[in-house]
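K.L.:
Got a sequence here, can you model it:
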Amino acid sequence: MKLNKKCNLCGKSSFKKVCIKNGWTLWECNNCSLVFVHPQPIDKELQEAYSYKSGYFEGVDFKEEELDPYFEKIFKNKKGNFLDIGCGTGRIVYTAKMCGWKAKGLDLNKDAVEIAKKKGLDIIHSNIDDFNGRKNFYDIINMGDLIEHVRNPEKTIRKAKTLLKKGGLLIISTPNINSFFPKYSFWISKIFQIPWSHPSPPYHLFEFSNKNFPQFLEKEGFKIEKITYSNISLMYSIGNMGIFNKFKNEFRKGRSLKKAFLKNNFTNNLLIIFISFIFLPSYIISKFLKVKDEMKIIVTKK
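P.N.:
Below is the predicted model of the structure:
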């Protein structure tokens, strides 16, 4: 099947079908290897997906005395204006506020926004495209596991650039499809005919790599300052397959593996144990590799 579209990163028009997951078709650009969902879900489907009713991060919150350690170090160096795009319940916004920054957040999850507002945080139910923010205003903008969710990454990055001061920091975290575990789990999915654990349609509309995404950011007028890597947890990867949703939701609510197993059915539990067994060796190996399956890219606006 030929797609009548251009790649969102490189602009080329040659693609191959990768797989179907959760009813959504994933494609790969033959030029830059960007993996993406096409066709994309409609707005109504996304609004339903990003709600506690659907089980999306239901019960996930933070204790106000617990600041985000990574961002606390950054915010203590100076004071300024901070924007967190895709802020959830606002832990990083809260951290910035406690460190003396003027902090604002955006999120599409109405339930998460309401929780954040009750904490006295300046959080707006909006995406970045609809956000009417001041240009050249923010010293730091954070996109933590956000860019893979947006409909048009190019448009989102350009909007963030207009909001950011010259020399300001843009911090982006996103999964890295060009690492050992995603590749291993892809072939395991082919061999055992199980869902590929790495992509998350309809939530993740794009899957980037440590090759194509930094090049894209440089093309958009940013200077790469630093790229660091971390492992996505094995439990998250297994839960991301889409066949253990009851177990995953129970674990999120109680944070107890024992309770989640007890409330799950026996056959599904056996499948979890089997998949854990075949994934574990590759997960351990990936811990010792330099390039891992989650990347954090820090760039400055030129």
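
K.L.:
Can you name the element that comes right after the lengthiest helix in the chain?
P.N.:
What stands out as the longest helix in the chain, according to DSSP state H, is helix 266-287. Using DSSP states H and E, the helix or strand that follows helix 266-287 in sequence is strand 294-301.

K.L.:
quick one, the helix or strand harbouring residue 168 and strand 294-301 angle?
P.N.:
Assessed by DSSP H and E, residue 168 sits inside strand 164-175. For strand 164-175 against strand 294-301, the angle by axes from the mean of the first three to the mean of the last three C-alpha atoms, to 10 degrees is 170 degrees.

K.L.:
List the buried residues for strand 164-175?
P.N.:
164, 165, 168, 169, 170, 171, 172, 173, 174, 175 (16 or more other C-beta atoms under 10 Å). Yep, even glycine has a C-beta here, placed from its N, CA and C like the rest.

K.L.:
Kindly report the same for stretch 76-93.
P.N.:
80-93.

K.L.:
okay, it in PDB with CA atoms only?
P.N.:
Output in PDB follows, covering the C-alpha atoms of stretch 76-93 (Å, rounded to 0.1, in the frame of the first residue of the first chain):
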ATOM      1  CA  LYS A  76      18.400  25.900  41.800                       C
ATOM      2  CA  ASN A  77      21.000  27.300  39.400                       C
ATOM      3  CA  LYS A  78      19.000  30.400  38.500                       C
ATOM      4  CA  LYS A  79      15.400  31.800  38.400                       C
ATOM      5  CA  GLY A  80      13.200  32.400  35.300                       C
ATOM      6  CA  ASN A  81      10.200  31.300  33.400                       C
ATOM      7  CA  PHE A  82       9.300  27.600  32.900                       C
ATOM      8  CA  LEU A  83       6.800  25.800  30.800                       C
ATOM      9  CA  ASP A  84       6.100  22.100  31.000                       C
ATOM     10  CA  ILE A  85       4.200  20.700  28.000                       C
ATOM     11  CA  GLY A  86       2.400  17.500  28.800                       C
ATOM     12  CA  CYS A  87       2.800  18.100  32.600                       C
ATOM     13  CA  GLY A  88       0.400  15.500  33.900                       C
ATOM     14  CA  THR A  89      -0.500  16.300  37.500                       C
ATOM     15  CA  GLY A  90       2.300  18.900  37.600                       C
ATOM     16  CA  ARG A  91       5.200  17.500  39.700                       C
ATOM     17  CA  ILE A  92       7.800  19.300  37.700                       C
ATOM     18  CA  VAL A  93       5.700  22.500  37.600                       C
END
